[in-house]
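J.: Give me a 3D structure for the following:
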Amino acid sequence: LSVLVAQSLVEPIAGPDVPRYRLLETIQRFAEARLAERGATEETRQRHACAYLALAEDAAAHLPSRGQIPWLDRMTVDHDNLRAAFAWAQERGDAELAHRLLAGCWRFWQFRGHVTEGHALAAAILQMPGSDVDTAWRMRGPDDRASTPLKVSLVLWKLEPAATTTLPLFVEDRQATQAA
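T.: Down below sits the predicted model:
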């Protein structure tokens, strides 16, 4: 790896836990083309999504807790990777993967101020073919934007019934919507 850094093919970046590296965009595009030539793009994207699902589920087990800061920091550093995992799940129509990512990420979104992003992703997941969300959860109020937090809370409740803190997500957003 140090040879690649010395040749300016990868760039070291600061991370909260282990050393991290970023591919330069031209190198990334070259690698993507090689994966496509070998027919390995889907397998690689699936492995990527599964790795970040594992991170989200591991982090969720530590949120909230006294040791939550390192987990929140790690999720922050890997936020773009988590977004890519969501995008891949949506592209493939993999509702189970999307739901599991949602369950793993919701406290991160709540604690780090990404609730709006979480709501948008949950709303998109609700619309995915094969989503096993009950039709009652798909109900729309007169103002669809106002009903989205309720749907998010219900999805989260279904995925993690013991987590009673999903309702404050709805209440806080509902109050903000009504105040606007």
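J.: CA atoms of the one helix or strand residue 80 maps to as CSV?
T.: Per DSSP states H and E: residue 80 is located in helix 79-92. Output in CSV follows, covering the C-alpha atoms of helix 79-92 (Å, rounded to 0.1, in the frame of the first residue of the first chain):
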residue,chain,number,x,y,z
HIS,A,79,-21.5,7.6,5.2
ASP,A,80,-20.9,7.7,1.4
ASN,A,81,-20.3,3.9,1.4
LEU,A,82,-23.6,3.4,3.3
ARG,A,83,-25.3,5.6,0.7
ALA,A,84,-23.8,3.4,-2.0
ALA,A,85,-25.1,0.3,-0.3
PHE,A,86,-28.6,1.8,-0.2
ALA,A,87,-28.4,2.8,-3.8
TRP,A,88,-27.3,-0.7,-4.9
ALA,A,89,-30.1,-2.3,-2.8
GLN,A,90,-32.6,0.0,-4.5
GLU,A,91,-31.2,-0.6,-8.0
ARG,A,92,-31.5,-4.4,-7.5
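J.: Which strands and helices lie in contact with the following helix or strand past it?
T.: Next helix or strand after helix 79-92 toward the C-terminus (DSSP H and E): helix 95-111. Applying 3 or more Cβ pairs under 8 Å, 6 or more residues apart in numbering; DSSP states H and E, we find helix 95-111 packed against helix 41-60, helix 68-77, helix 79-92, helix 115-126, helix 144-159, helix 166-179. Using the backbone N, CA and C atoms, a C-beta is placed for each residue, glycine as well.
J.: quick one: buried residues of the third one?
T.: The one in question is helix 79-92. 79, 82, 85, 86, 88, 89, 90 (16 or more other Cβ atoms under 10 Å).
J.: what residues are up against the spatially most central residue of the chain?
T.: Nearest residue to the geometric centre of the chain (Cα atoms, centre = their mean): residue 82, 4.3 Å. Neighbouring residues of residue 82 by Cβ atoms under 8 Å, 6 or more residues apart in numbering: 52, 55, 56, 75, 101, 105.
J.: and residue 22, helix, strand or coil?
T.: Assigned with DSSP: H, G, I helix; E, B strand; the rest coil, residue 22 falls in the strand class.
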